[in-house]
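*Asks:* predicted model, plus sequence, below.
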Amino acid sequence: MSTFIDLANSLHLADIAINAIGGFLGSATLLWLAMGTQGIRTLRSRFRRPSVMLQARKTPKNIFTGIELGAPAEWIKEQLGQPNKIAENWWGYRFSDSLVSLTFDANHSLLTLAVALTDEKTTFEFPALHFDCPPLGKMVVADLQVDHLSLTFNDSTRHSELVITGSEGPRGAFHHIAFGVLNPHIPGPLLIDDDFQWDRNEAVLITPADKLKINWAAVSATSEIVTFPWDLGLRL
């Protein structure tokens, strides 16, 4: 043991260690002064675990008129950004204030545009020529009880809904429209939930039509508007 101590003293290991520590602290101080606080943050961020910031996007207020039926899919992506969900000839968007469902034909042109509400405050103007149509967000079933629109009831083990369909637009250039009261049975829906009562035997609505809010609407180049995709309105 004494031999090791004598060897350490002869090699001045204590002085070497002190000088090394002092040199490191001095270098760190100079680095701090040279880079500043912002520089140290930048250096630290390069070695930090990467993170993803998902920013909420709002739906364009003029989505029903700003995006025309027949518009190409790539142009729509430039306007709305990358879809949240994609399937064959279908895109789904989850905005902070709505859900948007888009279907395309074989040429990747817009076939149907549907918007569903996710809060009580958001409204969207809906294009209609043949009747006084309130904005989506203020619209109730009673507003849609007009001659050229028809109401049907659909249900499954997963959802129940009222669907109101018809056509709109000038003669020779009309398009199809649809409105719905969609009520998914699975817990955690994102869209506004309006429960209602339907008499199956008489095929009539029991809930007062002026109390039942429309929670989705669509414009389409085809009459085959089945429903808004209820699974897009579920929290994962």
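*Replies:* Sure thing, it's come through.

*Asks:* next, residue 64: phi, psi?
*Replies:* phi -70, psi -30 (degrees, to the nearest 10).

*Asks:* that one contacts residue 125, correct?
*Replies:* Yes - between residue 64 and residue 125 a contact is recorded at 6.7 Å, counting by Cβ atoms under 8 Å. In this view, the C-beta of every residue, glycine as well, is placed from N, C-alpha and C.

*Asks:* more neighbours: which of these two?
*Replies:* Applying other Cβ atoms under 10 Å to residue 64 and residue 125 shows that residue 64 carries more neighbours, namely 22 against 15.

*Asks:* check that one and give its pLDDT.
*Replies:* Looking at residue 64, its pLDDT is 95.

*Asks:* doesn't residue 217 make contact with residue 114?
*Replies:* Yes - counting by Cβ under 8 Å, residue 114 touches residue 217, with 7.0 Å between them.

*Asks:* so what sits against both of those two?
*Replies:* Among the neighbours of residue 114, those also in contact with residue 217 (Cβ atoms under 8 Å, 6 or more residues apart in numbering) are residue 178.

*Asks:* in this protein, which spans are helices?
*Replies:* 2-11, 13-47, 63-66, 73-80 (DSSP state H).

*Asks:* any weak-confidence spans in the protein?
*Replies:* 1-55, 172, 187-194, 226, 233-236 (pLDDT under 70).

*Asks:* can you give the domain ranges for it?
*Replies:* 2-47, 63-233 (automatic domain parsing).

*Asks:* adding distance to residue 57, write those out as CSV.
*Replies:* Shown next, in CSV, are these (distance: least, Cβ to Cβ, whole Å):
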stretch, distance to residue 57
domain 2-47, 25
domain 63-233, 5
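
*Asks:* please identify the deepest-packed of those.
*Replies:* With neighbours defined as mean count of other Cβ atoms under 10 Å, the domains of the chain peak in mean count at domain 63-233, which reaches a mean of 16.

*Asks:* gap between it and the chain center?
*Replies:* 15 Å (Cα atoms, centre = their mean, to the nearest Å).

*Asks:* and the strands in the chain, which stretches?
*Replies:* Remark: strands assigned in the chain by DSSP state E are 85-87, 90-94, 98-104, 110-117, 149-155, 159-168, 175-184, 198-199, 204-205, 216-220.

*Asks:* TSV for the ones you listed, including distance to residue 77?
*Replies:* Output for these, formatted as TSV (distance: least, Cβ to Cβ, whole Å):
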stretch	distance to residue 77
strand 85-87	10
strand 90-94	8
strand 98-104	10
strand 110-117	11
strand 149-155	31
strand 159-168	27
strand 175-184	22
strand 198-199	39
strand 204-205	39
strand 216-220	19
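
*Asks:* which one, of the ones you listed, ends up nearest to residue 72?
*Replies:* Among the strands of the chain, the nearest to residue 72 by Cβ to Cβ is strand 110-117 (7.8 Å).
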